[in-house]
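[1] Provided below are the primary sequence and the corresponding predicted coordinates.
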Amino acid sequence: MGELILCRQPIAANPFYIEPLSLNIYSLEELCYYVKNNSDLLDADFAGRELCHWIGRELDMKDLETELLALIGEEVPLHVFVEHVLSACGYLTVSEIRNVVSIIERYETYSDQERKKLRADKLLLKERIVDAIYAYQDLIEDKELPSALYGDISHNLGVCFARLFFFDEAKEYFEAAYKRNQKKVTLTALICSYICDGDEEGANKIIEKYRVPAAFAQSVIEHAKNAYQSDAIRDFDQHLSRLKSDHSRQEAYRKAVENIVDNWKIEYNRLCKI
C-alpha cells in the first residue's frame, strides 16, 4: 500500500525528473519525501540550477529559487543546500531534517568511488538487479579503484548474476573478487555458485586451487545443497508428484504447474526490470 502525502504547496503542472530512480516529482513535499528516503543517492548534481528554476517556475516559489541559486553561487556543501530545501517545506520535522542532513554530510566525507558503490548497493538491496549490474560495471572500469573496493564490487556483481541464475558470470566475478579481497564470504559464494550450477567437480577444483580447508569446504557444499533440498522444497515436490500420479486430478496438476511457472516469470521479469 502506498503512502499518502498531504501537499500544502502548489502542485507542478510539469514534473521534475529524478534520473537515478526514473521518478517524476510534482511537489515540494514529494521532493522532501524523496530526499528523506534516498539520502545516500544524492550527489552534487542534485543541487543544480535546473531544480532551482523548476521550484521557481512550476511551484511559484520565487524566493526559494533565489535563495537556492545564491547558495549554488556560494558553492556551499550539498547538505547545506538540502537543509534549505527541506526547511522551506514543513513536510519533515526539525529532528527528521537534522537526521537527513547528518546522513548527507557523512556521505560527503566518502570518496566518489565509495559513494557510487553505496548507491549501487542500494539498487541491489531494492532488487533492481539489472540497474545494479550497470552501476557496478560502470564503477569497476575505474582504473584507479582500490584493490579491496574492486573485490567488494566484483563480489556484489557475482551476487547480481547469481540472483538471475547466470552462474557462469557469477563464478567469474566471485573468483575475481576473492583474488582481491580474500574474504571467506566471497569464497563461500564462489563454491556455492558451482554447486548451484550443478558443477560439483568445478567446486572441488576451486577448493583445491585455493587450498580450502576440508572441514570448511564440506560445510559450504552441504549448505549449498541444503538450499535446494529443504523440507519446504521436498514438500512442494511431493505435492506436485501426488497431483501428477492421481489421474483424476490431472487438470489440477496442469493448473498448479502453470501457476508456478507464471509466478516464476513475473518474479524474474521484476528482477530484470530496468
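    Nice, I can see it.
[2] from now on I want contacts and neighbour counts done on CA atoms only, so please keep to that.
    OK.
[3] domains in this structure, by residue range?
    Domain ranges of the chain: 16-107, 112-227, 231-272, per automatic domain parsing.
[4] residue 40 contacts residue 120, doesn't it?
    No - using CA atoms under 8 Å, residue 40 is not in contact with residue 120; the gap is 10.2 Å.
[5] between the two, which has more neighbouring residues?
    The residue with more neighbours, out of residue 40 and residue 120, is residue 120; 26 against 19, by other CA atoms under 10 Å.
[6] give me the distance between the more buried one and residue 67.
    In this structure, residue 120 and residue 67 are 32 Å apart, going by CA to CA, to the nearest Å.
[7] just residue 130 next, same as before
    Look at residue 130 and residue 67: by CA to CA, they are 38 Å apart.
[8] which of those two has more neighbours?
    Ranked by neighbour count (other CA under 10 Å), residue 130 and residue 67 place residue 130 first, with 19 against 15.
[9] identify the residue spatially nearest to the more buried one, adjacent ones excluded.
    Nearest non-adjacent residue to residue 130, counting by CA to CA, 6 or more residues apart in numbering: residue 272, 5.5 Å away.
[10] restrict the longest helix belonging to the chain to CA atoms and write it as CSV.
    Assignment by DSSP state H gives helix 250-272 as the longest helix of the chain. Taking C-alpha atoms only, helix 250-272 is exported to CSV below (Å, rounded to 0.1, in the frame of the first residue of the first chain):
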residue,chain,number,x,y,z
GLN,A,250,-4.5,-34.1,-14.0
GLU,A,251,-6.3,-30.8,-14.6
ALA,A,252,-5.4,-29.6,-11.1
TYR,A,253,-1.8,-30.6,-11.7
ARG,A,254,-1.6,-28.8,-15.0
LYS,A,255,-3.0,-25.6,-13.5
ALA,A,256,-0.7,-25.8,-10.5
VAL,A,257,2.3,-26.1,-12.8
GLU,A,258,1.1,-23.2,-15.0
ASN,A,259,0.6,-21.0,-11.9
ILE,A,260,4.1,-21.8,-10.6
VAL,A,261,5.7,-21.1,-14.0
ASP,A,262,3.7,-17.9,-14.4
ASN,A,263,4.8,-16.7,-10.9
TRP,A,264,8.4,-17.5,-11.7
LYS,A,265,8.2,-15.5,-14.9
ILE,A,266,6.7,-12.5,-13.1
GLU,A,267,9.3,-12.6,-10.4
TYR,A,268,12.2,-13.0,-12.9
ASN,A,269,10.9,-10.1,-15.0
ARG,A,270,10.6,-8.0,-11.9
LEU,A,271,14.3,-8.7,-11.1
CYS,A,272,15.3,-7.9,-14.7
